[in-house]
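Sequence and predicted structure below; questions after.
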Amino acid sequence: MTHEGAIKMSNEIMLLEQCDSEDLGSRHNGKIIRQMITGALEENPEVEVDFTGINLVTQGFIDEMVGVLIRRNGLDILQRIRFLNCSPAIKSVICIVAGYSSDSYCNSSYWQEGERPAF
């Protein structure tokens, strides 16, 4: 994970640029990305999390990144976070985590038309 003391508060978070790997599996890295999202949301109405170049995410990484936010702030926090360039597998992991954090996520309007994960 690359970060330089102060966390950049952009409204776009490019995961490949922030992480040392195309495979994101650690809760530690998920927590750092969550802190970036939280900081960005303090300064921006919406944050984009871009998964371009990311091959794999674990449930633990996604739980730390967004599951904690959902449990702390409610499902409505996801109205301010856009997930871009997610593979079907990544969408499924996000949906699983959001599902146990709030059971209505996969059937909600948080996914753009045609992007809702299929199980």
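Now that the structure is in, tell me what you want to look at.

Now the biggest helix by length in the chain: average pLDDT?
Secondary structure assigned by DSSP state H gives helix 27-43 as the longest helix of the chain. Helix 27-43 carries an average pLDDT of 95.

in that helix, what counts as buried?
27, 29-34, 36-41 (16 or more other CB atoms under 10 Å). The way it works is simple: take the backbone N, C-alpha and C, and place the C-beta from them, glycine included.

What are the contacting residues of that helix?
Residues outside helix 27-43 that contact it (CB atoms under 8 Å, 6 or more residues apart in numbering) are 1, 3, 7-11, 13, 15, 18-19, 24, 47, 49, 60-66, 68-69, 77, 80-81.

Asn11: neighbouring residues, count only.
Neighbours of Asn11 under the rule other CB atoms under 10 Å: 14.

Give me the distance between it and Arg80.
10 Å (CB to CB, to the nearest Å).

any common contacting residues for these two?
Joint contacts of Asn11 and Arg80 (CB under 8 Å, 6+ apart) are Glu46, Val47.

where are the low-confidence patches of this protein?
Scanning the chain with the threshold set as pLDDT under 70 gives 1-9, 103-119.

Mind doing that once more with 50?
1-8, 117-119 (pLDDT under 50).

Which parts of it are strands?
12-14, 23-24, 47-50, 56-57, 81-84 (DSSP state E).

Can you spell out which helices and strands pack onto the second one?
Taking 3 or more CB pairs under 8 Å, 6 or more residues apart in numbering; DSSP states H and E as contact, the helices and strands that strand 23-24 lies on are strand 56-57.

what does the last one give?
Counting contacts by 3+ CB pairs under 8 Å, 6+ apart, the secondary-structure elements packed against strand 81-84 are strand 47-50, helix 88-101.
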